[in-house]
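**Student:** coordinates only, sequence not included:
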């Protein structure tokens, strides 16, 4: 019997746009991708439910320092609803709680969708990771316990009807962070009078990142390991929406050692900072109206 070879991990820096398969948790997808790259350190930028497929940006190495920057980003999904059936979870993984005849025309769907655009309130589902007294709500839901949840404000920027046939509706939804598409599906079904639940969900955009250049695990597995890093985006791929500052050599040296530098006029909030075209990190305005380092990277030159 051959002895088991210990995995050799190495420093890998970059962002992977993964097309996550259905039936897999975001962490499982991260660990599989991390092994494919032999990356010593990895993280994701916010989870996708196991039911969902599509864009899951993953960070390796120094890029993990910026993984939280996408948590607040807007997202776009393609959602498929089944009319006439309501479930306790709002999706196909739950138990059927009600059924009704479907007497809905395309004009009815187009009429109700505007009610769900703009700033709206959503009641978080019991089948969610939100916590009550330290316990996730989904644990309580599995025990048949339902507790009161306060409505939360979210923003639906746009809903487009992509297809409607029989009892299935396919929508494109562009929304703010914290939006539950399962809740949106159930609420649309309630207004239509027949109920509905989510049967498929695919994320196509996170911030400025899109599914167009994403790779599946199977595609990555088919690429020789030495060539896989060509599928990685640069470490600053998550920072493209931030204003950019380029420093001269003297200022680069100060900033890289944790010291503030002059703040260009008109800039505020988080700022991505470069020296000689190389990412140094992220800074923010601070005392003395100067640009102070907040997160620095250490990239091989």
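**Tutor:** Received the coordinates, thanks. As the structure is a computational prediction, the values presented were derived from the model and not from experiment.
**Student:** Spit out the contact partners of the most centrally placed residue in the chain.
**Tutor:** With distances taken as CA atoms, centre = their mean, residue 46 lies nearest the centre of the chain, 4.6 Å away. The contact partners of residue 46, by CB atoms under 8 Å, 6 or more residues apart in numbering, come to 26, 70, 71, 177, 206. Backbone N, C-alpha and C define where each C-beta goes, glycine included.
**Student:** The fourth one reaches residue 70, doesn't it?
**Tutor:** By that I understand residue 177. No: using CB atoms under 8 Å, residue 177 makes no contact with residue 70, being 9.2 Å away.
**Student:** Buried residues, stretch 80-96. List them.
**Tutor:** Under the neighbour-count criterion of 16 or more other CB atoms under 10 Å, stretch 80-96 has 80-94 buried.
**Student:** meant to ask about stretch 27-34
**Tutor:** 29, 30, 32, 33, 34.
**Student:** can I get those residues in CSV with distance to residue 103?
**Tutor:** Output for those, formatted as CSV (distance: CB to CB, whole Å):
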residue, distance to residue 103
29, 40
30, 44
32, 45
33, 46
34, 50
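**Student:** Of residue 177 and residue 70, which one has the most company?
**Tutor:** More neighbours surround residue 70 than the other of residue 177 and residue 70, with 23 against 14 (other CB atoms under 10 Å).
**Student:** Please report the distance of the more buried one from residue 55.
**Tutor:** As defined by CB to CB, to the nearest Å, residue 70 lies at a distance of 10 Å from residue 55.
**Student:** can you list residues touching both of those two?
**Tutor:** Common contact partners of residue 70 and residue 55 (CB under 8 Å, 6+ apart): 206, 209.
**Student:** what's the distance between the residue nearest to the centre of the chain and residue 72?
**Tutor:** As judged by CB to CB, residue 46 and residue 72 stand 9 Å apart.
**Student:** what do these two both touch?
**Tutor:** With CB under 8 Å, 6+ apart, residue 46 and residue 72 have common neighbours residue 177.
**Student:** Pick out the most distant pair among the contacts of residue 46.
**Tutor:** Using CB to CB, the two most remote members of the contacts of residue 46 are 26 and 177, lying 15.3 Å apart.
**Student:** all helices for this protein, in order.
**Tutor:** Applying DSSP state H to the chain gives helices spanning 26-37, 106-112, 137-142, 181-192, 217-221, 249-256.
**Student:** Deepest in the core, which of those is it.
**Tutor:** Of all the helices of the chain, helix 181-192 has the most neighbours on average by mean count of other CB atoms under 10 Å, namely a mean of 22.
**Student:** how about low-confidence regions in this structure?
**Tutor:** Scanning the chain for pLDDT under 70 picks out 1-5, 126-148, 300-301.
**Student:** report the longest strand in it, please.
**Tutor:** strand 152-165 (DSSP state E).
**Student:** Need the contact partners of that one.
**Tutor:** The contact list for strand 152-165 (CB under 8 Å, 6+ apart) reads 74, 78, 106, 109-110, 113, 116-124, 169-180, 184.
**Student:** Show me where the stretch 201-301 of the chain has its strands.
**Tutor:** Using DSSP state E, counting those that start in this stretch, the strands of the stretch 201-301 of the chain run over residues 209-210, 244-247, 261-262, 271-275, 278-286, 290-296.
**Student:** Packed most tightly, which of those would that be?
**Tutor:** Of all the strands of the stretch 201-301 of the chain, strand 271-275 carries the top mean neighbour count, a mean of 21, counting by mean count of other CB under 10 Å.
**Student:** Tell me how far the closest residue to residue 195 other than its chain neighbours lies from residue 167.
**Tutor:** Leaving out its chain neighbours, the residue that sits closest to residue 195 by CB to CB, 6 or more residues apart in numbering is residue 86, at 3.7 Å. As judged by CB to CB, residue 86 and residue 167 stand 13 Å apart.
**Student:** Residue 207 contacts residue 70, correct?
**Tutor:** Yes: under the criterion of CB under 8 Å, residue 207 is in contact with residue 70, at a separation of 5.6 Å.
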